[in-house]
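Student: Sequence plus the predicted model coming up.
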Amino acid sequence: MFVKGGIFLKNNNKKYNIEYTNKCPECSSSNLTKDYQRGEVVCSKCGLVVHEDIADHGPEWRAFDKGQRDKRARAGPPTKYTLPDKGLSTIISTINRDSYGSSIPTKQRAQFYRLRKMQKWGRLGNSSERSLSYAISELNKLCSQMNLPRNIRERASMIYRKAAKKNLVRGRGVESVVAATLYIACRIMGLPRTLSEISDISGLKRKDIGRTYRFISRELKLRINVPTPLSYVSRFCSELKLSRKVVEKSSDILKEVIERELISGRGPVGVAAAVIYISTVLCDEKRTQKQIANVSGVTEVTIRNRYKEITEILDINLEI
DNA sequence: AAGACGAAAGTGGTTGA
DNA sequence: TCAACAACTTTCGTCTT
């Protein structure tokens, strides 16, 4: 056990090791960058995503002197949208002691037992709250299977709450709304996942998730930007175990592609896949179209079509 | 044998009348 | 609401390495 800012971290925790050793397992460079917004630790030398889903253990505010700190400090953890009651509930303790620490007489213990039971019922009593807690457990399942950082989880459940409040879940199935809110949260936080990825893991149909996603974003008037191909590049590259060089090459090519307006109307995932393919060939770290197709979820044909267009217009020669 | 290529037909979403 | 349309997928035969 180690202590950091009053928080105990377990020794066997993988996150702990990475954050504290600060060495890349691939090239053992100590130049790791933490990106709390993306929830990733990236090696600046080789581009390996050393760890995803890092948590920010610090408070969400900053204080510059003792006065400010005292003013802002408060009891308890920050509120969490992933708990059904946002972590704000009062719970009758199971320890049979009063506020002075002396034990409660046996006579009254039965009474406290009944109180606890009734409070439990009351907390998760009505059906909307029960379905909310079901939705959140589904969300947590999905997120951990997809290795998504905490902030996306929080954002997704925030959106789900809004949807539930507006009665948008009814008749749509909790699972598909959960998947859709997760999809939205990923895009808002700049870590887009494709509909196919979420569909594969949740076991729901891509079409259904897509339809629910459009419905929810329209009804809640969410303004969601179209993801740029760039937001997929680093993730796909790290899944393909490609070096930093390829990532940089890809974003260089992508810049030109965007300038020449080669992406209008094209699916961003296909463009990202094609650019990565080109970069792997140019950087002598070639991956087959099939490998790239597998991680990106578009077909080889699409990669071919995109990369033909791109190489033609940008005058890139892939021979030799 | 594996990878790349491209033609052709099919699918699902968007758009505009 | 419906047809036209572009992007993308699936399938498959052919060529190259």
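Tutor: Yep, that arrived.
Student: what are the ranges of the helices in chain A?
Tutor: Along chain A, the stretches classed as helices by DSSP state H are A:14-21, A:66-72, A:106-123, A:127-146, A:150-165, A:174-188, A:195-202, A:206-219, A:230-239, A:244-259, A:268-282, A:289-296, A:300-314.
Student: Can you flag the weakest of these by average pLDDT?
Tutor: If you rank those by mean pLDDT, helix A:14-21 sits at the bottom with a mean of 37.
Student: mind giving me a markdown table with the helices of chain A and columns for distance to DNA strand B and mean neighbour count?
Tutor: Heads up, the C-betas are built off the backbone N, CA and C, glycines and all. Putting the helices of chain A into a markdown table (distance: least, CB to the nearest atom of the strand, whole Å; neighbours: other CB atoms under 10 Å) gives the following:
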| stretch | distance to DNA strand B | mean neighbour count |
| --- | --- | --- |
| helix A:14-21 | 32 | 14 |
| helix A:66-72 | 44 | 11 |
| helix A:106-123 | 39 | 11 |
| helix A:127-146 | 20 | 16 |
| helix A:150-165 | 19 | 21 |
| helix A:174-188 | 13 | 24 |
| helix A:195-202 | 9 | 18 |
| helix A:206-219 | 4 | 17 |
| helix A:230-239 | 16 | 21 |
| helix A:244-259 | 15 | 18 |
| helix A:268-282 | 8 | 25 |
| helix A:289-296 | 4 | 18 |
| helix A:300-314 | 5 | 17 |
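Student: Dump the ones you listed to TSV, plus distance to A:Tyr100.
Tutor: As requested, the helices of chain A are exported to TSV (distance: least, CB to CB, whole Å):
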stretch	distance to A:Tyr100
helix A:14-21	38
helix A:66-72	27
helix A:106-123	14
helix A:127-146	34
helix A:150-165	38
helix A:174-188	45
helix A:195-202	51
helix A:206-219	51
helix A:230-239	55
helix A:244-259	61
helix A:268-282	63
helix A:289-296	61
helix A:300-314	71
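Student: Tell me who's in contact with the closest residue to A:Val271 other than its chain neighbours.
Tutor: In space, and not counting its chain neighbours, A:Val271 is closest to A:Pro229: 4.2 Å by CB to CB, 6 or more residues apart in numbering. Contact analysis of A:Pro229 by CB atoms under 8 Å, 6 or more residues apart in numbering lists A:254, A:257, A:263, A:268-269, A:271-272, A:275.
Student: which bits of chain A sit near DNA strand C?
Tutor: Proximity of chain A to DNA strand C, by CB under 7 Å from any atom of the strand, involves residues A:265-267, A:270, A:297-302, A:305-306.
Student: Need the max-distance pair from those.
Tutor: Greatest spatial distance among the residues of chain A next to DNA strand C (CB to CB): A:Gly265 and A:Glu300, at 20.4 Å.
Student: I appreciate the help and will end here.
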